[in-house]
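Student: For reference, the sequence and a predicted model appear below.
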Amino acid sequence: MTETLTLGKALNVGLRRSLEADDKVLIMGEDVGKLGGVFRITDGLQKDFGEDRVIDTPLAESGIIGTAVGLAIRGYRPVCEIQFDGFVYPAYDQIVSQVAKMTYRSRGKVKMPIVIRIPFGGGIGAVEHHSESPEAYFAHTAGLKVVSCSNPNDAYWMIQQAVASDDPIVFLEPKRRYWEKGEVDTDATAPSFPLHSARVVRPGTDCTVVAYGPMVRTALDAATAVDGERSLEVIDLRSLSPLDLGPVYESVRRTGRLIVVHEAPSNLGMGAEVAARVTEHCFYSLEAPVLRVTGFNTPYPAARVEEEYLPDLDRVLDGVDRTFGW
């Protein structure tokens, strides 16, 4: 049956499916149980699966991840919620020193099937530490896998694929897209797309625009805005580590132009890595330098000026104009 779900509800249903499929799956985090999470992503799960499987933890991110490491060693599959992106840093030591390295340290004998859910990005008018984009820290960390959904159907399937994986996965959720709706086939028995694969979400011929998470919608809006004048091909990376750039290379060899869009600052961000690899593989196909449309290289600002910070339709269209100016 195809249902119309918000992205947040699709995550909720996907987590429910994972809990039903494997009694070793646990959900843990601050306010995930009785409250159902601050964004209600885990709403109703503790009521249906009990306090031993949907666990309200203390306000201690390092403790959440450290406990998850012990549970994973003992055969459980913990799904940890970090309440907001800017709260992940107390857990950073555990993630980088233990979660990312345990399988390598044990020469493959110990698996770390941990999913770390992080609502990320801005656009919700929140206060400090509630609107950050920390993805580059984790994509840079060997031993971690990093993914981000951008629509309800991907949210539903990707969270189940992440929970079923034996690898530790940082699962980034675009919080300002939680309420956007889309079609989800909840009766399908398997996802139609691998977890760590990029996907062309809008074909085009003149310029390639690459985005992930919350910026995919912005890139699609830009493609619609210039339709009839320019033809933009929009690619959703979906996986930030490992990166699947095959579809990007193929696209750039046809269009000759590439713009990478993300909310995080440009300095040493995901856009820089994509630009470097595309330049290595598609140098003779490029008609212009790879351009980036990103957040600024400053801490995330106060909510009253966040719209000046976030890449928007106008800034993406300005990038399009600049690439055709070469």
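Tutor: Now that the structure is in, tell me what you want to look at.

Student: so the closest residue to residue 203 other than its chain neighbours is in which element?
Tutor: Leaving aside its sequence neighbours, residue 203 sits nearest to residue 233 (CB to CB, 6 or more residues apart in numbering; 5.7 Å). Every residue, glycine included, has its C-beta placed from N, CA and C. Residue 233 belongs to strand 232-236 when elements are defined using DSSP states H and E.

Student: Downstream of that strand, the next helix or strand is which one?
Tutor: That would be, after strand 232-236 and using DSSP H and E, strand 239-241.

Student: Run through the neighbouring helices and strands of the strand holding residue 233.
Tutor: Identification of packing neighbours for strand 232-236 by 3 or more CB pairs under 8 Å, 6 or more residues apart in numbering; DSSP states H and E yields strand 199-202, strand 207-211, helix 215-225, helix 246-255.

Student: And it, how far out from the chain middle?
Tutor: 17 Å (CA atoms, centre = their mean, to the nearest Å).

Student: OK, contacts around the spatially closest residue to residue 222 that is not a sequence neighbour?
Tutor: Residue nearest to residue 222 in three dimensions, not counting chain neighbours: residue 316, with 4.1 Å by CB to CB, 6+ apart. For residue 316, the contacting residues are 209, 218-219, 222, 259, 261, 293, by CB atoms under 8 Å, 6 or more residues apart in numbering.

Student: Now do stretch 304-320: distance to the chain's middle.
Tutor: With CA atoms, centre = their mean as the basis, stretch 304-320 stands 20 Å off its chain's centre.

Student: Distance across it, terminal residue to terminal residue?
Tutor: End-to-end distance of stretch 304-320 (CA to CA, to the nearest Å): 27 Å.

Student: now stretch 90-109
Tutor: End-to-end span of stretch 90-109 (CA to CA): 28 Å.

Student: coming back round to it: which of the helices and strands packed on strand 232-236 sits closest to residue 83?
Tutor: Closest approach to residue 83 among those (CB to CB): helix 215-225, 22.3 Å.

Student: Point out the other elements, helices or strands, that the closest one touches.
Tutor: On a contact count with 3+ CB pairs under 8 Å, 6+ apart, helix 215-225 meets strand 199-202, strand 207-211, strand 232-236, strand 258-265, helix 313-324.

Student: out of the ones you listed, which comes closest to residue 147?
Tutor: Closest approach to residue 147 among the helices and strands packed on helix 215-225 is made by strand 232-236 (11.0 Å; CB to CB).

Student: Can you list the buried residues in stretch 242-253?
Tutor: Under the neighbour-count criterion of 16 or more other CB atoms under 10 Å, stretch 242-253 has 243-245, 247-249, 251-252 buried.

Student: And stretch 162-171, by the same measure?
Tutor: For stretch 162-171, a neighbour-count test (16+ other CB under 10 Å) marks 162-163, 165, 167-171 as buried.
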